[in-house]
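Colleague: structural data only, the sequence is not supplied:
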């Protein structure tokens, strides 16, 4: 890979050991994927923040970087941690987990990285202008970024995004190149109406599972609702190695490109993998983290109602969006209905001892997959409206 | 038997050898593999319950979470990592995970390694040269 003079000096250690270590990783990655050079980026989003996901090995990795004097040189945000940073005790998080989680968060603070703790960086100010090259991890944000924000990123990993935060660089390859951003498969929907986050999330999961790689162009899916597109992105990123999709009105004159068909039965089949279990005890919305419009929708459905006996409700969002909910009185409505907001984290990355054995209802195929595979929890998939109708009652 | 040699692209320049575990499906190391035991936990995966520890793990490419690189790194520290990885086309998450963890990784072969290598075959993976050698065939007991 070609390095300019400044980059050579970075690699030699002229700018300190943290920059050197970061360059070594990016050069090894760039050489492996055949990148011709490194390019400057506008922003970074880092995954692998929860102690539950990266363990002691990840903790040392992050702490070592901070101790070497690493500092972010571009706008950098981070994914959810393993606990609400303020109300962790109330959640049942143990002291040991808390202290290790704080060491991870403090390492990022020392590196000048914004400790946003959300999987939706684009809702908390990390939203570069269209066409920008960025280095993002968090699979759902990668797909949303490439597809909806029109920014350019590969499906980066936790470590490579830290290296990019420090150097402000990423290898020029893959989705940074326009020739690699063209559709490879056309997806035709037959009788599938994408009117909820649930259906979008399942549709994404099915396309990702079928394709595994490449870029799907979904024909005639006229969805403008950004929350629904966020769910579609998360689903796509869960079951496959996809980094991008496009929405097109019609296939046009492309002759030979393969076409995939998805009909309502396909959606139903996946729903049947997560049927309504007996006596569910926990409703969970916010994978990916809830946006303000989604919370407004939930709050309006909850007004004047309360959860039925034995049922809990957790709403997950970023601290940024939560502050706005406080201001608007949404937090009170949710609290009065018997539910609660949890910030900075999500069940996928919380410690297993808080999740295992719980019987979840959620509207996210991503959450369903990770909760059952990683935490051995039971999961039912249901949309928000049905869920609230079914499991709340009118207050007297 | 004569050993079979496959030429690919060495992505992570280390050396490893061991018995092959062949997955027809993509793998998410985060959530899909338990780093403490090395066992596959992905509920949708055909090799659920099998351990990748010390194996030459053959799979098409990574899927799902971008935290997978840390999972591989964690596994290497815990001694549960695969001895080598062979992909059809590797993704960034697997590449970075292997580079950090000293796990050899090779992809981009002229033949599909998933068709050529069988479970239990004894395989050498030389990431420096991009060469995979199948030195001994397992004749029976395939479960893929």
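Modeller: Yep, it's here. None of these values were measured; they are calculated from a predicted model.

Colleague: okay, CA-based contacts and neighbour counts for the rest of this
Modeller: Fine.

Colleague: over to the residue positioned nearest the centre of chain B. Which of the three states is it?
Modeller: The residue lying closest to the centre of chain B (C-alpha atoms, centre = their mean) is residue B:57, at 2.3 Å. Following DSSP: H, G, I helix; E, B strand; the rest coil, the label given to residue B:57 is strand.

Colleague: likewise for residue B:132?
Modeller: Classified using three-state DSSP, residue B:132 is strand.

Colleague: now do it: how many residues are near it, please.
Modeller: 25 (other C-alpha atoms under 10 Å in any protein chain shown).

Colleague: residues contacting the residue nearest to the centre of chain B?
Modeller: Contact analysis of residue B:57 by C-alpha atoms under 8 Å, 6 or more residues apart in numbering or on different chains lists B:20, B:21, B:22, B:23, B:82, B:83, B:84, B:85, B:86.

Colleague: how far away is it from chain A?
Modeller: Between residue B:57 and chain A the computed distance is 18 Å (C-alpha to the nearest C-alpha, to the nearest Å).

Colleague: now swap in residue B:40 and tell me
Modeller: From residue B:40 to chain A the distance is 9 Å (C-alpha to the nearest C-alpha).

Colleague: could you report the distance from residue A:10 to residue A:379?
Modeller: 48 Å (C-alpha to C-alpha, to the nearest Å).

Colleague: which one of these two has more residues nearby?
Modeller: Taking neighbours as other C-alpha under 10 Å, residue A:10 and residue A:379 compare with residue A:379 leading, 28 against 22.

Colleague: so what does the helix or strand hosting that one touch, helix or strand wise?
Modeller: Counting by DSSP states H and E, the element that carries residue A:379 is strand A:378-381. With contacts defined as 3 or more C-alpha pairs under 8 Å, 6 or more residues apart in numbering or on different chains; DSSP states H and E, strand A:378-381 has these neighbours: strand A:359-362, helix A:365-374.

Colleague: quick one: strands adjacent to that strand?
Modeller: Sheet pairing here is set by DSSP bridges, and for strand A:378-381 it gives strand A:359-362 (parallel).

Colleague: what's in contact with the strand it pairs with?
Modeller: With C-alpha under 8 Å, 6+ apart as the test, strand A:359-362 has contacts from A:276-277, A:279-285, A:368, A:377-383, A:387.

Colleague: what's the answer for stretch A:3-17, then?
Modeller: A:19, A:20, A:21, A:23, A:24, A:37, A:38, A:68, A:69.

Colleague: that older thread, which of the contacts of residue B:57 fall in strands?
Modeller: The strands, defined by DSSP state E, take in B:20, B:21, B:22, B:84, B:85, B:86 from the contacts of residue B:57.

Colleague: which pair in these spans the largest distance?
Modeller: Using C-alpha to C-alpha, the pair of the ones in strands among the contacts of residue B:57 lying farthest apart is B:22 and B:84, separated by 12.0 Å.

Colleague: show me which of these two is the more surrounded one.
Modeller: residue B:84 (31 against 26).

Colleague: returning to what we had before: now render the helices and strands packed on strand A:378-381 as CSV, adding mean neighbour count.
Modeller: Shown next, in CSV, are the helices and strands packed on strand A:378-381 (neighbours: other C-alpha atoms under 10 Å in any protein chain shown):
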stretch, mean neighbour count
strand A:359-362, 24
helix A:365-374, 25
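
Colleague: can you say which of these is nearest to residue A:77?
Modeller: Ranking the helices and strands packed on strand A:378-381 by proximity to residue A:77 (C-alpha to C-alpha) places helix A:365-374 first, at 21.4 Å.

Colleague: and that closest one with chain B, contact?
Modeller: Yes: using C-alpha under 8 Å from any C-alpha of the partner chain, helix A:365-374 reaches chain B at A:369, A:370, A:372, A:373, A:374.

Colleague: mind putting the residues you listed into CSV with pLDDT?
Modeller: As requested, the residues of helix A:365-374 next to chain B are exported to CSV (pLDDT from 0 to 100):
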residue, pLDDT
A:369, 95
A:370, 96
A:372, 93
A:373, 93
A:374, 92
